[in-house]
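*Asks:* Dropping the sequence and predicted coords here.
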2 protein chains.
Amino acid sequence: MASQYDDLIPRLKALAHPARLRILDILRGGEVCVCHLETALGRRQAYVSQQLMVLREAGLVEVRKDGQQVYYRLVDDLTASLLAAALGPTGNTGPEPLAGCPCPCCTLARAEVLARPDRPAHQGDRTTC
Amino acid sequence: MASQYDDLIPRLKALAHPARLRILDILRGGEVCVCHLETALGRRQAYVSQQLMVLREAGLVEVRKDGQQVYYRLVDDLTASLLAAALGPTGNTGPEPLAGCPCPCCTLARAEVLARPDRPAHQGDRTTC
DNA sequence: CCTTTACATTCAAAAACATGAATACATTAT
DNA sequence: ATAATGTATTCATGTTTTTGAATGTAAAGG
């Protein structure tokens, strides 16, 4: 009868880390590939991958492979709830394309913006990044 | 511009520990004294006091001294929200009097039950324990 | 004053975590 | 097959956390 906390502790521990919390926050906007996180965090690939491993093992994130890219996303609602409680409600504009990011989604997003320079690419562009 | 996560991390770290999470969960019911927590957790006083120190330093709990007893309570709403997200909504029947607990509130509660053995002391007794 | 009660702090050894560097793996392109 | 790209894992090391044991302190009672 120890406690059903036991399930929760690894999850909270995974959360209680700046880089990982940031990753999860980004993931609230939808799935993104590793290199996107690399750019967003300004950390090396190996570092990001290690933190993702922690999140995976704690059951917070899931993986989808697509060609060369590996996409991560949040697994369940409990995590989303915790993040909402900790960080406030998500803006939910979908993942933001990033300036220096080499990933397909960001590259695509930039190409689209260039094609119609009249639209400043700000709100709700549904860029599916 | 590092992140306003920085405030949050110590808080989450404090949360991510079985004994401390249990303490906070109990505290959701209202303030209790240290010896009550000692009984509830089945841990030695020094251990409980150490965990309380962590919670204090992370700004999750506050202290009130009353005679020999020291009473702890939750500080703010953010903590309550996090607990609600993690553990579900509180039953909020106020602190439960505990079987072997020597603290004033529990002792008082037992005395009251003995005085009126017709009432099984179950729901909503407002025992202020 | 001395004791008891209730709690806090310090200390030290063990365990867990964080993180950089190097390396391995898998997929796509040539 | 070879190379390049994107990601994962392993390893070694330094730092932090955890937790028991011992000790300190402050208030109340005798």
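*Replies:* Arrived safely, thanks for sending.
*Asks:* Tell me if I'm right that A:Ala86 and B:Thr79 touch.
*Replies:* No. Assessed by C-beta atoms under 8 Å, A:Ala86 is found out of contact with B:Thr79, at 10.4 Å. Glycine gets a C-beta too; all of them are placed from N, C-alpha and C.
*Asks:* Geometric centre of chain A: which residue is closest?
*Replies:* By C-alpha atoms, centre = their mean, chain A has its centre lying nearest to A:Leu27, at 2.5 Å.
*Asks:* That one against A:Val61, yeah?
*Replies:* Yes. With contact defined as C-beta under 8 Å, A:Leu27 counts as touching A:Val61 (6.6 Å).
*Asks:* Quick check: neighbours shared by the two?
*Replies:* The contact sets of A:Leu27 and A:Val61 overlap at A:72-74 (C-beta atoms under 8 Å, 6 or more residues apart in numbering or on different chains).
*Asks:* Which parts of chain A are strands?
*Replies:* For chain A, the strands defined by DSSP state E cover A:32-33, A:61-66, A:69-74.
*Asks:* Might you name the residue of chain A sitting closest to DNA strand D?
*Replies:* At 3.1 Å from DNA strand D, A:Cys35 is the closest residue in chain A, using C-beta to the nearest atom of the strand.
*Asks:* can you pull the contacts of that residue?
*Replies:* A:45, A:69, A:101-103.
*Asks:* which parts of chain A sit against DNA strand D?
*Replies:* Applying C-beta under 7 Å from any atom of the strand, we find that chain A lies next to DNA strand D at A:33-35, A:38, A:45-46, A:49-50, A:52-53, A:63, A:68-70, A:102-103.
*Asks:* one step back: so which of the contacts of A:Cys35 belong to helices?
*Replies:* The helices, defined by DSSP state H, take in A:Gln45 from the contacts of A:Cys35.
*Asks:* Selecting buried members of the contacts of A:Cys35 in ChimeraX, what would you type?
*Replies:* Burial among the contacts of A:Cys35 is assessed by 16 or more other C-beta atoms under 10 Å in any protein chain shown; the matching ChimeraX selection reads:
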select /A:101,103
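*Asks:* and the residue lying closest to A:Gln45 once chain neighbours are set aside, what is it in contact with?
*Replies:* Spatial nearest neighbour of A:Gln45, chain neighbours left out: A:Glu38 (5.4 Å); criterion: C-beta to C-beta, 6 or more residues apart in numbering or on different chains. Counting by C-beta under 8 Å, 6+ apart, A:Glu38 makes contact with A:44-45, A:48.
*Asks:* hang on, the earlier thing: out of the residues of chain A next to DNA strand D, the closest to B:Ile23 would be?
*Replies:* Checking the residues of chain A next to DNA strand D against B:Ile23 by C-beta to C-beta gives A:Met53 as the nearest, at 30.4 Å.
*Asks:* Starting from A:Val34, give me the distance back to that closest one.
*Replies:* Distance, A:Met53 to A:Val34, by C-beta to C-beta, to the nearest Å: 11 Å.
*Asks:* Those two: which has the busier surroundings?
*Replies:* Taking neighbours as other C-beta atoms under 10 Å in any protein chain shown, A:Met53 and A:Val34 compare with A:Val34 leading, 17 against 11.
*Asks:* Could I get the full set of helices for chain A?
*Replies:* With DSSP H as the criterion, chain A has helices at A:5-15, A:18-27, A:34-41, A:45-57, A:77-87, A:104-115.
*Asks:* what about the residue nearest to A:Leu98 when sequence neighbours are not counted, how many residues close to it?
*Replies:* Nearest-residue entry for A:Leu98: A:Thr39, 4.9 Å, with adjacent residues in sequence omitted and distances by C-beta to C-beta, 6+ apart. Using other C-beta under 10 Å, A:Thr39 is surrounded by 18 other residues.
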